[in-house]
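Chemist: below: sequence and its predicted model.
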Amino acid sequence: MSGHSKWSNIKRKKEKTDSQRAKIFTKIGRELSVAVKEGGSDPASNSKLKDCIAKAKSNNVPNDNIERIIKKAVGESGTNKYETITYEGYGAGGVAFMVETLTDNKNRTASNIRYYFDKYCGNLGTTGCVSFMFSPKGIIIVKNENFTEEKIMEDAINFGATDFNFEDDESVIITQRETLYDVYQKLIDSEYKCISAQIEMIPGNYTQISDEGIKAKIETLIEVLEEDDDVQNIWHNLQEE
């Protein structure tokens, strides 16, 4: 099951965003709140909330904070002013992008996203223009410390994972979208240290870019998107070396 170098894209993206703790906490808090308002406060019957809790915990959001956000959202039930909008398009060099946003002003968000793509030689497309290239997967990254490759693979399979990739310090465990939280919880119960756990849109194929100038435009586009408060997730099919 190991040896899929494509998962390094996920790990590198996580390494970049982990340096922005305050912004990540704010975005995850908003995501939790919206999940509660849309589907209720019980994770057992609200799969979106269940996934958000796994994502929050893996990003070291304290349990007290998670519970406080959920309770507050329950009290504000029916007042949700945010909506999820996913933008699709191409960056420089034909790299496919999906940008998931959570916004209370879709005109502002649409204008900003379009500006970023235009400025860095990309272009937004219509809904569905690139999403057919991606599939949702549960992606869990764990530290390898104290565990052998064989043990991690055995546990991953027994816990319900569908794929697995072992590297020197960390492993990527892939699940079906519906089983992310359950696999994550079993790993935690087995004393694994989870670095991240969330739903990712995984491309079926990747675009290789050799031109350093084009690569720089793509990387800058990713950076400015990450800085936008309305942007929750960014997925692309750039083949990273």
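Modeler: Perfect, thanks for sending it. Numbers count the residues shown, from 1 in each chain.
Chemist: residue 81 contacts residue 105, doesn't it?
Modeler: No. When contacts are counted by C-beta atoms under 8 Å, residue 81 is not listed as touching residue 105 (9.2 Å). The way it works is simple: take the backbone N, C-alpha and C, and place the C-beta from them, glycine included.
Chemist: what about those two, which has more around it?
Modeler: Per other C-beta atoms under 10 Å, whichever of residue 81 and residue 105 has more neighbours is residue 105, with 13 against 10.
Chemist: any idea which residue is closest to the centre of this structure?
Modeler: What sits nearest the mean C-alpha location of the chain, by C-alpha atoms, centre = their mean, is residue 200, with 4.7 Å.
Chemist: before we move on, what SS does the nearest residue to that residue once chain neighbours are set aside have?
Modeler: Nearest residue to residue 200 in three dimensions, chain neighbours excluded: residue 139, at 4.5 Å (C-beta to C-beta, 6 or more residues apart in numbering). What DSSP: H, G, I helix; E, B strand; the rest coil gives for residue 139 is strand.
Chemist: in the chain, which spans are helices?
Modeler: 8-17, 21-39, 47-58, 63-75, 106-119, 149-159, 180-189, 212-227 (DSSP state H).
Chemist: pipe those into JSON lines and attach mean pLDDT and mean neighbour count per row.
Modeler: Below are the helices of the chain laid out as JSON lines (pLDDT from 0 to 100; neighbours: other C-beta atoms under 10 Å):
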{"stretch": "helix 8-17", "mean pLDDT": "60", "mean neighbour count": "17"}
{"stretch": "helix 21-39", "mean pLDDT": "89", "mean neighbour count": "18"}
{"stretch": "helix 47-58", "mean pLDDT": "93", "mean neighbour count": "22"}
{"stretch": "helix 63-75", "mean pLDDT": "91", "mean neighbour count": "14"}
{"stretch": "helix 106-119", "mean pLDDT": "97", "mean neighbour count": "16"}
{"stretch": "helix 149-159", "mean pLDDT": "95", "mean neighbour count": "16"}
{"stretch": "helix 180-189", "mean pLDDT": "95", "mean neighbour count": "20"}
{"stretch": "helix 212-227", "mean pLDDT": "94", "mean neighbour count": "16"}
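Chemist: nearest to residue 134, out of the ones you listed?
Modeler: Ranking the helices of the chain by their distance to residue 134 (criterion: C-beta to C-beta) puts helix 8-17 first, at 12.3 Å.
Chemist: residue contacts, residue 173?
Modeler: Neighbouring residues of residue 173 by C-beta atoms under 8 Å, 6 or more residues apart in numbering: 139, 140, 141, 142, 152, 156, 161, 163, 164, 183, 187.
Chemist: go on, residue 91?
Modeler: Contacts for residue 91 (C-beta under 8 Å, 6+ apart) come out as 97, 117, 120, 121, 122, 217, 218, 221, 236, 238.
Chemist: same check on residue 220?
Modeler: Contacts of residue 220 by C-beta under 8 Å, 6+ apart are residue 120.
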